[in-house]
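need a structure here:
(one chain, ligands or ions: 2)
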Amino acid sequence: MRLVLIGPPGAGKGTQAQRLVEFLCVPHLSTGEMLREAIDKGTPVGTQAKQFIDAGKLVPDETVLELVQQRIVQPDCASGYLLDGFPRSLPQATALDKFLTGRSQPLDGVFELEVDKDAVIQRMIARGRGDDKPEVIRQRMATYEEQTKPLSEYYAGRKLLHAIDAMGTVDEVFSRLRQAVEQMKSR
Ligand code: AP5
Ligand code: MG
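Ligands and ions are numbered 1, 2, ... in the order given. You can find the predicted model right below:
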């Protein structure tokens, strides 16, 4: 299955993706992780990405698209994958659709994690990743509202969107996600 996990910063995308990929036996494709890896390796993509990540802004669409397209064509993605944090702008979503339609491999579903934003800000502050400083978190939230939130309507229009209540324990959220995946499979 080709699935997408979207949701605001700190919603639990990475946490739930880890569980979901184990359940589905597909690779976990997190653009945030790919970009942090590029930064750690000091590649040109990493150097470019760092300034955007540190500012809580989106890395340019072309850069992220290139990373994802290169990854999706790898043999381990042949029977599906879970995208985490991509797409996160309308241009990324339309480019992904075009790319996947060209390969006759459309998406099967998009899960949107819905959270109380104030609650998840505390989780991020407690985690303390490089971009988890209060002012950067504020900007990441604003970027999400402006550029990523419109994807809900986009995917709802394509009958791909499944909203998931992502408040509660990790187990509770995962059980809702698993139920949604099972319902999707049985259709
Ligand atoms: P990215 O790495 O994707 O960060 P994000 O979207 O801001 O989300 P996080 O990874 O912080 O949160 P998450 O939803 O994965 O939650 P997690 O499971 O970690 O992107 C970082 C940056 O990279 C972006 O700002 C942008 O600059 C760039 N980027 C990435 N993708 C891009 C793209 N497509 N285009 C352009 N730029 C891009 O959980 C958070 C914390 O909460 C953890 O400590 C976790 O243990 C805890 N937690 C999780 N679930 C629960 C629960 N149920 N109860 C209690 N605690 C919980
Ligand atoms: Mg994450």
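
Taking this structure, what residue is nearest to ligand 1?
Gly32 (1.9 Å; C-beta to the nearest ligand atom). Every C-beta, even on glycine, is put in place using the N, C-alpha and C of the backbone.

Val68 is in contact with that residue, correct?
No. Contact criterion C-beta atoms under 8 Å: Gly32 and Val68 do not qualify, at 11.9 Å.

And the strands in the chain, which stretches?
2-6, 28-30, 81-84, 109-114, 161-165 (DSSP state E).

what residues does the protein put near ligand 1?
Along the chain, the residues adjacent to ligand 1 under the rule C-beta under 6 Å from any ligand atom are 7, 9-15, 31-32, 35, 52-53, 56-59, 64, 85-86, 88, 92, 123-124, 127, 140, 169-170, 173.

returning to that earlier point: how about the residue of the chain closest to ligand 1: what's its closest non-neighbour residue?
What sits nearest to Gly32 in space, not counting adjacent residues and going by C-beta to C-beta, 6 or more residues apart in numbering, is Gly85, at 4.9 Å.

Tell me who's in contact with the one you found.
Going by C-beta atoms under 8 Å, 6 or more residues apart in numbering, Gly85 touches 5-6, 13, 30-32.

Need the pLDDT of it.
You'll see Gly85 listed with a pLDDT of 97.

Can you tell me how far the residue most central in space within the chain is from Ser186?
Note on the chain: the residue nearest the mean C-alpha position is Gly85, at 1.8 Å, using C-alpha atoms, centre = their mean. As judged by C-beta to C-beta, to the nearest Å, Gly85 and Ser186 stand 27 Å apart.

Kindly report the same for Ser104.
Ser104 is 23 Å from Ser186, by C-beta to C-beta.

quick one: Glu114 and ligand 2, what's the gap?
Using C-beta to the ion, to the nearest Å, we find Glu114 at a distance of 16 Å from ligand 2.

If you could redo that for Ala11, that was the one I meant.
Counting by C-beta to the ion, the gap between Ala11 and ligand 2 amounts to 9 Å.

repeat for Glu62
Glu62 sits 22 Å away from ligand 2, going by C-beta to the ion.

so what's that residue up against?
Glu62 sits in contact with no residue, where contact means C-beta under 8 Å, 6+ apart.
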